[in-house]
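>>> Any chance you could fold what I've pasted below:
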Amino acid sequence: MNVQPAPAPLLIACALGIEHLALRSGDRGGAGGPVTFVRTGMGPRAAQRSLTRHLARPALTDAAVVATGFCAGLAPGMHPGDLVVAEETRDPHGTVPCVATELLVKELARLLPGRTVHTGPLTGSDHVVRGPERSALRATGAIAVDMESAATLLRAVTAGERPVAAVRVVVDTPEHELVRIGTVRGGISAFRVLRSVLPAYFEWHRSLLLPRR
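A predicted model of the protein is given here:
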């Protein structure tokens, strides 16, 4: 009797309560394996600590990891509600290539027709980026910045070989700078967009589980 191995799990990490709420209230059908939602807390150190703790659990040692939530766009012309699919994440501690980004772009475009999906490097910061600092980060080639994705993915691949990805929803742009993150609660479209992305993550995860020829 052949016993099929259990499908590899998927860990979806975000930082903020409002991001966690959006993800947990989204469409959770169609997952290709066990899914764990993790709220890491805000900032790179909190993300590192949380990933270290969760990936040490036997059920998650081989989990694929998606870092998600909100971000600040760096490129002129970006709008709140746009999506960012990272080709890589980077911060002063290292660069992590993301896996199967073309599939994520395709699935997000299918799920959210009319929403712009940007691809490129996603950079990390240990603080909220404002004003002229945006231009300095943009000059490095990065298209968006957040405080957790780079730390999350670097910790994930350090803990063991696994597929990783980062997808963020733009809430803050050079032309639409937020005064405080709480503004997200007031009518901005990013929450609704984040609620809609889970099927794309699940399709990405399922594609990784397919046998390779």
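>>> now the strands: where do they sit in this structure?
With DSSP state E as the criterion, the chain has strands at 10-14, 35-39, 64-73, 83-91, 94-97, 117-124, 144-146, 164-172.
>>> Figure out which of those is closest to H205.
strand 10-14 (4.6 Å; C-beta to C-beta). Yep, even glycine has a C-beta here, placed from its N, CA and C like the rest.
>>> any residues touching that closest one, and which ones?
20, 23, 31-40, 47, 50-51, 54-55, 60, 63-69, 148, 152, 156, 198, 201-202, 205 (C-beta atoms under 8 Å, 6 or more residues apart in numbering).
>>> Now stretch 202-213: average pLDDT?
In this model, stretch 202-213 carries a mean pLDDT of 74.
>>> should've said stretch 135-148
93.
>>> got a list of contacts for it?
Contacts of stretch 135-148 (C-beta under 8 Å, 6+ apart): 13-15, 40, 42-44, 46-47, 67, 69-75, 78, 84, 86, 90, 118-129, 134, 168, 170.
>>> Output it as PDB, nothing but the C-alphas.
The C-alpha trace of stretch 135-148 is given here as PDB (Å, rounded to 0.1, in the frame of the first residue of the first chain):
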ATOM      1  CA  SER A 135      14.100  58.800  -3.800                       C
ATOM      2  CA  ALA A 136      17.300  57.400  -2.300                       C
ATOM      3  CA  LEU A 137      15.700  53.900  -2.100                       C
ATOM      4  CA  ARG A 138      14.300  54.200  -5.600                       C
ATOM      5  CA  ALA A 139      17.800  55.000  -6.800                       C
ATOM      6  CA  THR A 140      18.900  51.500  -5.700                       C
ATOM      7  CA  GLY A 141      16.400  50.000  -8.100                       C
ATOM      8  CA  ALA A 142      13.800  49.100  -5.500                       C
ATOM      9  CA  ILE A 143      10.100  49.700  -6.400                       C
ATOM     10  CA  ALA A 144       8.600  49.400  -2.900                       C
ATOM     11  CA  VAL A 145       9.600  49.200   0.700                       C
ATOM     12  CA  ASP A 146       8.200  47.600   3.900                       C
ATOM     13  CA  MET A 147       9.600  46.700   7.300                       C
ATOM     14  CA  GLU A 148       9.100  42.900   7.400                       C
END
